[in-house]
Each structure stands twice: as structure tokens, then as C-alpha cells.
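Undergrad: got a predicted model here, sequence first, then my questions.
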Amino acid sequence: MSFDASRLAHEAHVWLTSAEAITDEAILDRYRRLLSHEEAAHLGEIGSNRVRHQYLVTRALVRTTLSRYVEVAPEDWVFEISARGRPEIAEPSGMGLRFNVSHTRGVVACLVTDGIDAGVDVENMERSRDVRGLAERRFAVEEAAELKACAAEGEKNHFFGLWTLKEAYLKARGQGITLPLRSVVFLLSGHEGLQVRLDPPLEDRAADWQFGLFELSSSVLMAVALARGAGPDRRIVAWRGDPLLGQATRTPLTEVASTPSRPVVVS
Ligand SMILES: CC(C)(COP(=O)(O)OP(=O)(O)OC[C@H]1O[C@@H](n2cnc3c(N)ncnc32)[C@H](O)[C@@H]1OP(=O)(O)O)[C@@H](O)C(=O)NCCC(=O)NCCS
């Protein structure tokens, strides 16, 4: 245990690693020894080498990261998967921690909070996509229009910015793609920071959420969605490092956009 969990009252922590960079069989063996029976069985069933490797590194990242905050051995965490697929800590209960993970080529991210609803999404923009066509089919009219107005060289970044923000919100709600994507609306080009609108089907208020969009590298974007409490917005802080290998190092985050801080009303 190396972290003061009380920091999570005013911060949200993102732990980053790259599955592709971890190839040492001895360390991968140590990761396998951290898995539960269910995780080990699932690992054995994954057909693709890339996905199997990513699954293993993700489990090791989640387990070792949570153990940074409380006196629980990485192999002792027990997880349960919600009906919509979101893993949550089942045991030990009452630790006051929650997490969400995301993976893409080059990055695995594990977001840790003190229990608030929160989601993270990372996307590698090198995937080729018909961004305008997808935006017209899946995004809100204003989002597609904003994208169309982008200069050609900014179009892909803009599209993936919207995509990761939507995913981070859907993951924070824990509902996956059962919520209507068009109803989660982000505008990136305004002067007042990131603008958010949550339309009626979501039964939610945009003012209750804090969002941050970051560039992790020239090809990877990350979005974080955090349910707001009564206090000031949380600081989003990140570390990079490989599970069980040396010290993780604090990494500065390059912000692309974030929701303006909500004024805190003092009564
Ligand atoms: C599963 C989903 C939650 C995220 O999928 P994704 O972006 O492909 O994958 P990510 O790597 O970001 O996230 C996967 C992780 O999310 C977590 N997760 C799964 N279901 C979840 C849910 N309902 N809520 C929150 N987190 C969830 C899991 O930890 C999973 O990783 P694991 O299987 O290794 O444990 C869901 O939103 C999805 O399938 N999206 C499809 C993509 C799409 O159509 N996006 C349109 C955006 S415009």
C-alpha cells in the first residue's frame, strides 16, 4: 500500500500502462498467479493472442492498482460483473474504492475513485473510420454539424474526442450502449469550454457531471466522466507504469477540453 486513499475525496486517479510493452514471460507468469479461477478460465477461452494478452495485463493493472490504496493483496480482490458487463469490487467490501477500465492499442487505463459513478475511455485514433458518416448516423445533429465545420486535419481528433466522451459517460452510468448515444451531446468548439447536454431519455442532468478530455499521445485520446458531489470539481491525476514492475511515475496530462468548473454554492 503506497497511497493515501483520502486523496480520492478531491482527486480521481488514472493508472496507465501499455500491454504491448510487457512481454517478459516471468512477469506475465506473475500476473497469471494473481487471477481468480473465473478470470483464469476466461483467459484460456480468449482466442486472439492480442486480446488474451490485453485481458491479462488489464487484470494485473486493476488488482495491483487497487492494492496501492488499501491493505489488500492483489490476488485477494474478488470482482462481480454487473448485468451490463461492468466489473465492480465484491470483496473485501466497504473499502470505499471503485474503478473502471478501458483498453485500446497502446494503452490500458484504470480509473480509481472513492465510490462515485465514474467512467474512462481510451481510443486509438489510428483506426480508419468514416468519421462523417458515423457522426451523421450515430451522433446528435449539432455534433455532426460541428464536425463537418472542422478543418480536414482536425476532423479525426474531433470525432474521437466526441466518441471517447460519450463512451466515458455511458461507462460511468454502467449501462453500456443500451443508452441512446444521440442523447449524450458534447460541443467542443465553443469558447466556454466543453459544453454538455443530456437529453430527456437519459433522465440525468449535465450539471451533475464533470468531464475531461486528454491527449495521451498523438494517436490516443482519453476521456473521464465523474459524477459531481457537493464540493469542488476533482483534480484528474495520472501515473504510468507496468504492474509489479518498478515504480509508477506521475505523468502530466495534456488537456484537450474540460467542463467549466461548477460554481460551488456555500450556504
Ligand atoms: C462495453 C462498453 C461499455 C465499452 O466498450 P469499448 O469502448 O469497446 O471498450 P473499453 O476498452 O473502453 O472498455 C471495456 C471495459 O469496460 C468495462 N465495462 C464493460 N461493460 C461496462 C459497462 N456496462 N459499464 C461500464 N464499464 C463497463 C469492462 O471493465 C471492460 O473491460 P474488461 O472486459 O477487460 O473488464 C460499451 O460502451 C460498448 O460496447 N461500446 C461499443 C462501442 C460503440 O458503439 N461506441 C459508440 C460511441 S459513439
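TA: Received, thanks. None of these values were measured; they are calculated from a predicted model.
Undergrad: where's residue 50, which helix or strand?
TA: Taking DSSP states H and E as the criterion, the element that holds residue 50 is helix 49-66.
Undergrad: contacting residues around residue 107?
TA: Contacts for residue 107 (C-beta atoms under 8 Å, 6 or more residues apart in numbering) come out as 16-18, 122, 124, 216-217, 220, 222. In short, each C-beta sits where N, CA and C put it, glycine included.
Undergrad: what about the residue lying closest to residue 33 once chain neighbours are set aside, neighbour count?
TA: Excluding its sequence neighbours, the residue lying closest to residue 33 (C-beta to C-beta, 6 or more residues apart in numbering) is residue 75, at 7.0 Å. For residue 75, the number of neighbouring residues by other C-beta atoms under 10 Å comes to 12.
Undergrad: and the gap between residue 75 and the ligand?
TA: When distances are taken as C-beta to the nearest ligand atom, to the nearest Å, residue 75 and the ligand turn out to be 17 Å apart.
Undergrad: gap between that residue and residue 166?
TA: 35 Å (C-beta to C-beta, to the nearest Å).
Undergrad: tell me the contacts of residue 19?
TA: Neighbour list for residue 19: 53-54, 57-58, 103, 108 [criterion: C-beta under 8 Å, 6+ apart].
Undergrad: one more time with 6 Å
TA: By C-beta atoms under 6 Å, 6 or more residues apart in numbering, the residues touching residue 19 are 53-54, 57, 108.
Undergrad: now these as CSV including pLDDT and distance to residue 35?
TA: Below are the contacts of residue 19 laid out as CSV (pLDDT from 0 to 100; distance: C-beta to C-beta, whole Å):
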residue, pLDDT, distance to residue 35
53, 98, 13
54, 98, 14
57, 98, 12
108, 98, 16
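Undergrad: among those, name the buried ones.
TA: The neighbour count (16 or more other C-beta atoms under 10 Å) marks 53-54, 57, 108 as buried among the contacts of residue 19.
Undergrad: closest to the ligand among those?
TA: Distances from those to the ligand were compared by C-beta to the nearest ligand atom; the smallest belongs to residue 54, at 7.4 Å.
Undergrad: separation between residue 80 and residue 87?
TA: Residue 80 sits 7 Å away from residue 87 when distances are taken as C-beta to C-beta.
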